[in-house]
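Q: Need coordinates for the following:
(2 chains)
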2 protein chains.
Amino acid sequence: MSERPPQDDETRDDVLVRADPGAPDGSSEASAEPENAESEGETESLDEENILKADFVRAVKDALWDEDFDRVYELVEPLHPADIADLFELVDADQRLVLARSIRDLMGVEVIAELNDWVRELLVEALPPEVVAEIAGELDTDDAVAMLEDLDEEDQQAVLAEMEPEDRAAIESALSYPDESAGRMMSRDLVAVPETMTVGDLIDFLREHRELPTEFWEVFIVDPMHRPLGTCALSWILRCPRNIPLHDLMKREQTLIPVDMDQEEVALRFQKYALISAAVVDSAGRLIGQITVDDVVHIIQEEAGEDTLLLSGAGDGDINEPILLTVRARLSWLVVNLATAMLASSVVGLFQGAISRFALLAVLMPIVSGMGGNAGTQTLAVVVRAIATNQLTDSNTWRMIGREFRIALTNGTALGALIGVGTWLIFSNPLLGAVIAAAMVINNLVAGLAGILVPVSLNRFNVDPAVSSAVFVTTATDTMGFFSFLGLAVLVGLA
Amino acid sequence: MSERPPQDDETRDDVLVRADPGAPDGSSEASAEPENAESEGETESLDEENILKADFVRAVKDALWDEDFDRVYELVEPLHPADIADLFELVDADQRLVLARSIRDLMGVEVIAELNDWVRELLVEALPPEVVAEIAGELDTDDAVAMLEDLDEEDQQAVLAEMEPEDRAAIESALSYPDESAGRMMSRDLVAVPETMTVGDLIDFLREHRELPTEFWEVFIVDPMHRPLGTCALSWILRCPRNIPLHDLMKREQTLIPVDMDQEEVALRFQKYALISAAVVDSAGRLIGQITVDDVVHIIQEEAGEDTLLLSGAGDGDINEPILLTVRARLSWLVVNLATAMLASSVVGLFQGAISRFALLAVLMPIVSGMGGNAGTQTLAVVVRAIATNQLTDSNTWRMIGREFRIALTNGTALGALIGVGTWLIFSNPLLGAVIAAAMVINNLVAGLAGILVPVSLNRFNVDPAVSSAVFVTTATDTMGFFSFLGLAVLVGLA
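A: Below is the predicted model of the structure:
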C-alpha cells in the first residue's frame, strides 16, 4: 500500500537511513523520472510512455534462456518494483518461475503486491507454504489477502498454519468477509486516538509509537467504544498550535464505509466525495480498518474497464488468464449467441419463398439487421455506463427513455432516407427503397428502446446489465431487422 | 479539490471555527454516513446505494414547478455538495436554472466543481461574466479551468477580464497547455521548501504561512532553481524529531509529471506507482504545480469507461449532452458503418444466383457473419483494454497474437461442430453442415486475428484503437462470413 513500508522492528534511525540518498535502494524509482533520466543511466529500460522497452525485455528473456542469472539480476536490479511486476507479465509464461528464482532478493513485498493476479497465483503455487507464509506476513493485510484468496482451501490452510498468530488472525478475519467487499480491501493499520488529545499530544504520540504505519493521511478520532467521531487531515495537525484540542480541530462529518459494502460502491464513494482515506466500521459502528485511495484507484480502473469486457462477453479479459479459462468464458457466451442467431435465422426462414423469388432481399437484409445492431450497441454502452456511475437512476429513467427514443427516431430517419434513396437509385426500384427505409426506421426504434429498456430492467432485478444485456438487444435488432424488412417486402408485394 | 477549502483571508481562528462541530455547516456531509444516519433526520434523500431517492427528487421537482422556492431550499439545504451537483442532473433540463436561482447561497465552489460538464456549461452561460469571474476566483485553478475551458473564446475573455490579475494569470497559463494535459489538471497551490530546513523549521513555516493550501499530503523539497529534489509525506514529518534536516528525511526518488503529459498517462502513473500527489515540472525541470490523486480518480474512471463508449461509437456518451450533439456523434459513426454494411452486402450480391436457387443459404448466412462479429468483438474488447492499461506492449504482441489465434481456433472448431451437426440434422444435408462448419472456423479465425491485428496496428500509427477498430473488425467478419459460407457452398456445388 505504502511505497516504502519500513519494518516494524527497525529503529527510527534505520528508517532515516532507508530514506537517505546514500542508501542502497536510493535510486530504485529514478526510472520513473523522465526529467532526471540522463544522469541515472538506467532508463534504457523504459520508453517515453513509461513502458518497459521491447529491447530490454528481450535482453532479459535472452539472459533467462541462456541461464545467465547474474545478467538477469543486473538488468532487473535498477527497476522500480512496479516495473519488475510488469516484467513478469512480459516474459513468456514458462520463464516466470525462473525469473523469480534469479532475482529472489528483489522480490520484495512491493513486487508481490503489484503482480497481476494470475502471475502471482502461478508463483505462489510454486512456492512451499512456509515461504508464502513469510511473504504474506510482510505484506499489508489487504495485499496478503489478495495473494491468498485465490488459493484452494487446502493450500490456503497450509499457508495460514505457517503464519504468526496475529497475522493469521488478521487474514482469517479479512477472508471471512465476502469477496470484493470493503472487509477484504481494508487495512487494519491506522492511527486512532481519543478526542481528549491535543495537537501536541498527538504529535508526541506519533513520535513515540514506532509500530504505527509510516504512511497515512488522516488520523481517526474515536470514542471510548472505538466508534469514529471525526477525522483530522495531517496538514491541519501540522499547521495548528500544539495546545488546540483535537475535539475542536477534527472534521465531524466523514464518509463511513460499512465492512460488507461492495468494492464498486466503495470506489464510487471515494470518487463522489473526493476521499483520500475512509474509516471502515463493523455492524456495531466500531472502527475496524481504513481504506486508502491508492487501493481504490485499481478498483475504479478495473470496474470501469470491466464493462467493455462484460458487454462483449469476454469474461474478465485478463491476458494472463490461463487460456482454457478464457476459452470457457468466451465460448459459453458465444454458444448463447449462437442460439439467438439461430432464432433470428428462423425468422429469415419464414421468408424463404420470397427470397427465392427475389434474391435481392437476401442481399439487403443484413444491412437492416446490422445497422440496428450498431445503433442498439451505442445506446447500450451509454446506458450501461450511466447505470454503473449512478448517473441513471429511478428519477431520470423516463426522461432517458424519451431521449433515446428521439435519438433513435432521428438517426433511423436519416439512415433510412440515405439507404432508401441509395437503393432506389442503384436498383431502380422505388418500392424497394421505401421498404428498406421504413424497415430501417423501425429497427432503429427497436434498437434504441431495447438498448435502454433491457439494461434498466435487468438492473431492477439486480442483474448486472453489463453481463447479459447485449444478447437480448442483439436478438431484438436481428429478428426485428429481418422481420420488418422481409415482412414489409412481402406485404407490398415485392416478392 | 480539497473538501473544505478555507478562504485565504480567514484568520486561523476562523479556520478552526469552520472545523468546529458547532459551525453552521457542521452537518453538511452527514448524509454520506449510513451508520450515523438515524439521528440526522435528513437521510430520506439518499437510498442505500447513496443515490438520491426518486421520491426526494420528485419533491424537489414539484416544489420547483409550484415555484415554492423556500421549500426547494429547505429540501436541498441538508445535502452534501456532491449530492446537490447530482440533483442538477436529475431534475429536468429546463428546471436547472430555476433550481440554481432558488438555492443561490448553497451553490458553493464544491457544488460547481462537482457539476457535470454539460450542466455546468448551461449554468455558466446563463450567468453574467462578473458572477462567473467571482466563482472562478474562489475555485481551485484546475476547477476554474474546467469551468472556463469549454466557453467560447468571447465569453472566456469577458470572464477573464473581470478576474483578479493573479487568478487570471494562473488560468491563462493553464489554458495555454493542451487540452487534457497535466498543465490543465494541476494545482498551483503546493508547499515547496529548501532542503536546508529541519522538520522543526518546516512545522513552524507551515504554522506561520496561512496562505498555503490547507489540505495537502506531501511537501516538495526544491533546490534554489525551484527544481524538485525530493518529497516528504506529512506522516514522516509528524513522526520525526524537530532537529532532523529535511535533507536526511526526504525521499529522493519521485515520479515527476512533465506539464504537457496527457492526462491518461498521468492517471496510469498514479496508478502504477500508487501515488497520492506528484510534482508537475516545466521543460526546464522546475516545479510549477502538483497533481493530487483525488483529481486523478475522475480521470481514471472516465478513461477506463470511455472505451466502452468509443468502441460502440457513442461519442462521449454523457447523458446530459445536448441531444443534437449526441445525434451527430452517433449518426456519423452509423453512416460509416452503413458504408461497410453495404460492402458486406455487395459480397452477398455476388451470390444472388446461388441464393435464388437455394434460399436456405440466405437463411443460414447471418449466423456465420453474426458469430464472427461476436467473436471479433470479444477479442477487440480484451485487446483495447490491454493496450489502454499498458499491459499489451511490443514485448508481448506476438505472444498475444498466438494466444488469440489458438482461442479462435478452439472456439471456431467448437462452434463449427455445433452448428455443422445441427444443420446436418435439421436440414438432413450433411454437405451443407460441413460447409457452414468450415465457414464458421474460417470466420472465427478472421475475427480473432482482426480483433488483435487491427487495434495493435492502429495503436502503432498513434490512432486510438478504441475509436476506429470496431468498423474494420466488423467489416472483416461480415464480408468474410458471407464470402466463406456462400463461396464454399458454390464451390462444393450446393447451388
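Q: Quickly note the distance from A:Gly402 to A:Asn396.
A: Distance from A:Gly402 to A:Asn396, counting by Cβ to Cβ, to the nearest Å: 10 Å. In short, each C-beta sits where N, CA and C put it, glycine included.
Q: Which one's more surrounded, the two?
A: Counting neighbours by other Cβ atoms under 10 Å in any protein chain shown for A:Gly402 and for A:Asn396 shows that A:Asn396 has the greater number, 20 against 12.
Q: how much space is there between the nearest residue to that one once chain neighbours are set aside and B:Val57?
A: Using Cβ to Cβ, 6 or more residues apart in numbering or on different chains and skipping the chain neighbours, the partner closest in space to A:Asn396 is B:Leu90 (5.3 Å). According to Cβ to Cβ, B:Leu90 and B:Val57 sit 5 Å apart.
Q: Now do the shared contacts for those two.
A: A:393, A:395 (Cβ atoms under 8 Å, 6 or more residues apart in numbering or on different chains).
Q: Tell me where the stretch 301-450 of chain A has strands.
A: Using DSSP state E, counting those that start in this stretch, no strands are found in the stretch 301-450 of chain A.
Q: picking that back up, isn't the residue nearest to A:Asn396 right next to B:Ile51, touching?
A: No. Between B:Leu90 and B:Ile51 there is no contact under Cβ atoms under 8 Å: 9.2 Å.
Q: intersection of neighbour lists for these two?
A: Any residue near both B:Leu90 and B:Ile51 by Cβ under 8 Å, 6+ apart counts here, and that gives A:Thr393.
Q: What score does the residue nearest in space to the middle of chain A have for pLDDT?
A: Among the residues of chain A, the one closest to the centroid is A:Glu302, at 0.7 Å (Cα atoms, centre = their mean). Here, the pLDDT recorded for A:Glu302 equals 84.
Q: Then A:Glu29?
A: Reported pLDDT for A:Glu29: 37.
Q: Repeat that for A:Asp105.
A: pLDDT at A:Asp105 comes out at 83.
Q: That one - how many residues pack around it?
A: Neighbours of A:Asp105 under the rule other Cβ under 10 Å: 7.
Q: part of a helix, is it?
A: Yes. Counting by DSSP: H, G, I helix; E, B strand; the rest coil, A:Asp105 is found in a helix.
Q: ok, now which ones touch the nearest residue to A:Gly200 once chain neighbours are set aside?
A: Using Cβ to Cβ, 6+ apart and skipping residues adjacent in sequence, the residue nearest A:Gly200 is A:Arg242, 3.1 Å away. Contacts for A:Arg242 were tallied using Cβ under 8 Å, 6+ apart; they are A:198-200, A:203.
Q: before we move on, what about A:Val91?
A: A:Val91 is in contact with A:57, A:60-61, A:64, A:99, counting by Cβ under 8 Å, 6+ apart.
Q: which of these tops the neighbour count?
A: A:Val60 (24 neighbours).
Q: pretty sure it is in contact with A:Asp86, am I right?
A: No. Using Cβ under 8 Å, A:Val60 makes no contact with A:Asp86, being 11.5 Å away.
Q: Run a quick neighbour tally on A:Pro241.
A: Using other Cβ under 10 Å, A:Pro241 has 11 neighbouring residues.
Q: Tell me the secondary structure at it.
A: Three-state call for A:Pro241 (three-state DSSP): coil.
Q: Low-confidence ranges, the stretch 151-300 of chain A, go.
A: Along the stretch 151-300 of chain A, segments meeting pLDDT under 70 span A:214.
Q: For it, just list every one of the strands.
A: For the stretch 151-300 of chain A, applying DSSP E, counting those that start in this stretch gives strands covering A:192-194, A:218-222, A:228-233, A:257-258, A:277-281, A:287-292.
Q: could I get those as a markdown table with mean neighbour count and distance to chain B?
A: Output for the strands of the stretch 151-300 of chain A, formatted as a markdown table (neighbours: other Cβ atoms under 10 Å in any protein chain shown; distance: least, Cβ to the nearest Cβ, whole Å):
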| stretch | mean neighbour count | distance to chain B |
| --- | --- | --- |
| strand A:192-194 | 15 | 12 |
| strand A:218-222 | 24 | 9 |
| strand A:228-233 | 23 | 5 |
| strand A:257-258 | 22 | 6 |
| strand A:277-281 | 26 | 6 |
| strand A:287-292 | 24 | 8 |
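Q: Just put these in a markdown table and tack on distance to B:Arg385.
A: Listed next are these as a markdown table, based on distance: least, Cβ to Cβ, whole Å:
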| stretch | distance to B:Arg385 |
| --- | --- |
| strand A:192-194 | 39 |
| strand A:218-222 | 33 |
| strand A:228-233 | 35 |
| strand A:257-258 | 27 |
| strand A:277-281 | 28 |
| strand A:287-292 | 25 |
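Q: quick one, phi psi at A:Arg252?
A: Here is the backbone geometry of A:Arg252 (degrees, to the nearest 10): phi -80, psi -30.
Q: tally of neighbours for it?
A: 21.
Q: correct me, but it touches A:Gly230?
A: Yes. Using Cβ under 8 Å, A:Arg252 is in contact with A:Gly230, at 4.5 Å.
Q: mind checking how far A:Arg208 is from chain B?
A: Not Arg; residue A:208 is Glu. For A:Glu208, the distance to chain B equals 9 Å [Cβ to the nearest Cβ, to the nearest Å].
Q: repeat for A:Val435
A: Applying Cβ to the nearest Cβ to A:Val435 and chain B gives a distance of 15 Å.
Q: List the contacts of that residue.
A: Shown in contact with A:Val435 (Cβ under 8 Å, 6+ apart): A:485, A:488-489, A:492, A:494.
Q: which pair in those spans the largest distance?
A: A:Phe485 and A:Val492 (11.4 Å; Cβ to Cβ).
Q: Pick out whichever of the two has more residues nearby.
A: Using other Cβ under 10 Å, the more surrounded residue of A:Phe485 and A:Val492 is A:Phe485, with 27 against 13.
Q: Tell me which residues touch that one, please.
A: By Cβ under 8 Å, 6+ apart, A:Phe485 lies in contact with A:361, A:364-365, A:368-369, A:435-436, A:439, A:443.
Q: now the contacts of A:Val91 in CSV, with secondary structure, distance to A:Tyr73 and pLDDT?
A: Compiled in CSV, the contacts of A:Val91 are given as follows (DSSP: H, G, I helix; E, B strand; the rest coil; distance: Cβ to Cβ, whole Å; pLDDT from 0 to 100):
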residue, secondary structure, distance to A:Tyr73, pLDDT
A:Val57, helix, 16, 93
A:Val60, helix, 10, 94
A:Lys61, helix, 15, 93
A:Leu64, helix, 11, 94
A:Leu99, helix, 10, 93
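Q: mind giving me a markdown table with these and columns for distance to chain B?
A: Formatted as a markdown table, the contacts of A:Val91 follow (distance: Cβ to the nearest Cβ, whole Å):
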| residue | distance to chain B |
| --- | --- |
| A:Val57 | 4 |
| A:Val60 | 9 |
| A:Lys61 | 8 |
| A:Leu64 | 13 |
| A:Leu99 | 13 |
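Q: ok, the closest residue in space to A:Asn320 that isn't next to it in sequence to B:Asn411 distance?
A: Leaving aside its sequence neighbours, A:Asn320 sits nearest to A:Trp118 (Cβ to Cβ, 6+ apart; 4.0 Å). Going from A:Trp118 to B:Asn411 by Cβ to Cβ gives 20 Å.
Q: who has more neighbours, those two?
A: Using other Cβ under 10 Å as the criterion, A:Trp118 and B:Asn411 rank with B:Asn411 on top: 27 against 18.
Q: What score does the more buried one have for pLDDT?
A: B:Asn411 is given a pLDDT of 97.
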